[in-house]
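Participant: Sequence first, then the predicted structure:
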Amino acid sequence: MKIEAHLIYMALKGYAKTCKVSLINEGLNDYNKPVIFAFWHEVILFTPIAYDKTRQIKILQSTHKDGVLASMVINKFGLKTVWGSSNREPLKAFRSMLNEIKKGYSIGITPDGPKGPPRKLKKGILELAYLTKAPIVPVVGRFSSYFRINSWDRMIIPKPFSTVKYILKKPIFILKKEEFKDKAAQIEGILNESG
């Protein structure tokens, strides 16, 4: 699996060089405490290349074989892993993320992953933000030209020589459980700007 991970890493790194990839900080500004980055599963391809390198970030990954391989790839880009899944051992994953935020790590989550439904925010990310007081930072992926693959998330593959922008939006704090429904709708609305 190490060889496979290295080949994927090299291919992704090489392919990204054919595109203009950037990270745009629209709303995070000088907030230097841990945050929870949220992005739809469909835009993940180039996220290991364009992320906030001023922060220590751990990405939630499934312990499934595909998740382990993905973890090995993103580790090569400098991102770390927190293990767990909303489908497999969700409580263990939740506790792990709580602990990592307490240690000062920011967390990256695809709140519609790992199996969908696409573009539907799962409740766990709201609970995590509420309990840790760490804000959710929506990350919008914008692509000048792309195609989609036939997967559950209809993953976006940027076309060569296209422009790829990952945009950090304003932090959203969850202060009360009564806010969950409205904040979920707000976050979904922002993330749906992706494409």
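Facilitator: Structure's in. What do you need?
Participant: those helices in the chain, which residues are they?
Facilitator: 2-16, 65-76, 90-102, 124-132, 180-191 (DSSP state H).
Participant: for these, which one sits closest to Gly27?
Facilitator: Nearest to Gly27 among the helices of the chain is helix 180-191; the distance by Cβ to Cβ comes to 9.9 Å. For every residue, glycine as well, the C-beta is placed using N, CA and C.
Participant: And the contacts of the closest one?
Facilitator: 38-40, 111, 119-121, 123, 126, 130, 136, 138-140, 169, 172, 174 (Cβ atoms under 8 Å, 6 or more residues apart in numbering).
Participant: Over to stretch 95-102?
Facilitator: Contact partners of stretch 95-102, identified using Cβ under 8 Å, 6+ apart, comprise 34, 36, 58, 60, 82-84, 107, 109, 128, 131-132, 134.
Participant: Can I get the longest strand along the chain in CSV, CA atoms only?
Facilitator: When the chain is scanned for its longest strand (criterion: DSSP state E), the result is strand 136-143. Extracted C-alpha coordinates of strand 136-143, given in CSV (Å, rounded to 0.1, in the frame of the first residue of the first chain):
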residue,chain,number,x,y,z
ILE,A,136,-17.0,25.7,11.7
VAL,A,137,-15.2,27.2,8.8
PRO,A,138,-17.0,26.3,5.5
VAL,A,139,-14.5,25.7,2.6
VAL,A,140,-16.0,26.3,-0.8
GLY,A,141,-14.3,24.8,-3.9
ARG,A,142,-14.6,26.7,-7.1
PHE,A,143,-13.4,25.3,-10.4
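Participant: for it, which positions count as buried?
Facilitator: 136-143 (16 or more other Cβ atoms under 10 Å).
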